[in-house]
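Chemist: structure, please.
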Amino acid sequence: MSSVDLRAEFNRQMNQELRNAYLYLAMAAYFDSLSLTGFAHYFKVQAREELGHAMKFYEFMVDRGWEVELQDVPKPKTKWGSVLEAAEDFLAAETENTKRIWRLVDLARGAGDKAAESFLQWFVSEQVEEEKSASELLAKVRMARDQPAALLALDRALAERK
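Modeler: Model prediction:
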């Protein structure tokens, strides 16, 4: 794979991070509409994290002298049938992002781009944390299902996220 292809894939991943930020902001709005402000807070923090991830890609590309190509960010899903469905979508988004990061590591390794491979190691570790957080949230939502008091207790706990 040529470095030009790797550059295009880095731009695509930056865009994916922006898409995830947009999705999590949509989730925050959904939870705000349900008056689940703790869930909304959790996903606002998550959206900011994803913006930070996009900026890491941006800065790396600028530092390397690579062209940054901003792409359209499609409108995310904005309605969910339940808290459970939103939590499932959260885990699915993070699982997909992990696959994308792993693919980028393989592409960087194949291109012999040690700087890109080293840069991506932070994201490999980050995705372990992201999937763990999404899995734990989904497990807690499943436990709270059909128990409004448990869901409200979880909502209060999520409001504490830094």
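Chemist: buried sites along the host helix or strand of residue 94?
Modeler: Element membership for residue 94 (DSSP states H and E) is helix 83-111. Neighbour counts over helix 83-111 (16 or more other C-beta atoms under 10 Å) mark 83, 86-91, 93-94, 97-98, 101, 104-105, 107-108, 111 as buried. (C-beta placed from N, C-alpha, C; glycine too.)
Chemist: same deal with stretch 153-162?
Modeler: Residues of stretch 153-162 classed as buried by neighbour count (16+ other C-beta under 10 Å): 154-155, 158.
Chemist: equivalent analysis for stretch 26-34, please.
Modeler: For stretch 26-34, by 16+ other C-beta under 10 Å, it's 26-28, 30-31.
Chemist: other residues contacting that stretch?
Modeler: Applying C-beta atoms under 8 Å, 6 or more residues apart in numbering, the contact partners of stretch 26-34 are 37, 39-44, 46-47, 76-80, 83, 86, 89-90.
Chemist: now the buried members of those residues.
Modeler: Burial by neighbour count, judged by 16+ other C-beta under 10 Å, picks out 37, 39-44, 46-47, 76, 80, 83, 86, 89-90 from those.
Chemist: what sits against the residue lying closest to residue 90 once chain neighbours are set aside?
Modeler: Ranked by C-beta to C-beta, 6 or more residues apart in numbering and with sequence neighbours excluded, the top spatial neighbour of residue 90 is residue 134, at 4.9 Å. Neighbour list for residue 134: 87, 90-91, 93-95 [criterion: C-beta under 8 Å, 6+ apart].
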